[in-house]
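# Structure, please.
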Amino acid sequence: MFQHILFPTDGSPASEAALTACLRFARECGAKLTAVNVVPEFHVLTYRTDMLEDTRAQYLKESADHAARLLEHVLAAAREQQVPCFTDIRRSDHPYEAIIAAARDKGCDLIAMASHGYRGMKGLVLGSETHKVLVHSTIPVLVYRNE
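Alright, predicted model coming up:
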């Protein structure tokens, strides 16, 4: 069965629900977990006004701190479930690429991630990182849907 699971998290409620199920699955398989958070690059021209107000150094520090807090939450939950867990922070404007690269770099044999379930125009405009991972990954992907 699976030995090493990559769990991408963005801290959303969908990710939180997937974390619980993923840890249960990892424990049952005897697998270890690597949690990854993908942080967007700093841009001077951006649609995100918070980026415009920050300096590059402030953004880099604050985004790394935020990612570390998200991943510490996963570590704590994994310890509670007695699942060996590691963390990884990646910087990329294309999360799906960073997720696939992390799985490859860490030697993972499964990617387990949440689906936010966007449909219609919202799904078309926002796109789906989960869908992009499914399309481009050569590693199996387990999708947790939040109903």
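# distance of residue 8 from residue 62?
Per C-beta to C-beta, to the nearest Å, residue 8 is found 20 Å from residue 62. No exception for glycine: its C-beta is placed from N, CA and C like everyone else's.
# neighbour count winner among the two?
Legend: neighbour count by other C-beta atoms under 10 Å for residue 8 and residue 62, higher for residue 8 (27 against 13).
# give the contact list for the more buried one.
By C-beta atoms under 8 Å, 6 or more residues apart in numbering, the contact list for residue 8 reads 15, 35, 36, 37, 38, 95, 99, 102, 111, 113, 129, 133.
# the helices in this structure, which residues?
13-29, 49-53, 56-80, 95-106, 120-126, 129-136 (DSSP state H).
# Least confident of those, on average?
Of all those, helix 120-126 carries the lowest average pLDDT, namely a mean of 48.
# What about residue 19, how many residues nearby?
Using other C-beta under 10 Å, residue 19 has 23 other residues around it.
# State the number of residues packed around residue 57.
Count around residue 57 with other C-beta under 10 Å applied: 9.
# same question but for residue 80, I mixed them up
Neighbours of residue 80 (other C-beta under 10 Å): 9.
# Is the spatially closest residue to residue 67 that is not a sequence neighbour bridged to anything, and to what?
Nearest residue to residue 67 in three dimensions, chain neighbours excluded: residue 37, at 4.2 Å (C-beta to C-beta, 6 or more residues apart in numbering). Here residue 37 sits in beta bridges with residue 89, as judged by DSSP bridges.
# State the distance from residue 37 to residue 1.
Using C-beta to C-beta, residue 37 is found at 26 Å from residue 1.
# Residue 17 reaches residue 146, doesn't it?
Yes. If you go by C-beta atoms under 8 Å, residue 17 and residue 146 touch, sitting 5.3 Å apart.
# which residues do those two both contact?
Common neighbours of residue 17 and residue 146 (C-beta under 8 Å, 6+ apart) are residue 114.
# picking that back up, more neighbours, residue 37 and residue 1?
Per other C-beta under 10 Å, whichever of residue 37 and residue 1 has more neighbours is residue 37, with 27 against 9.
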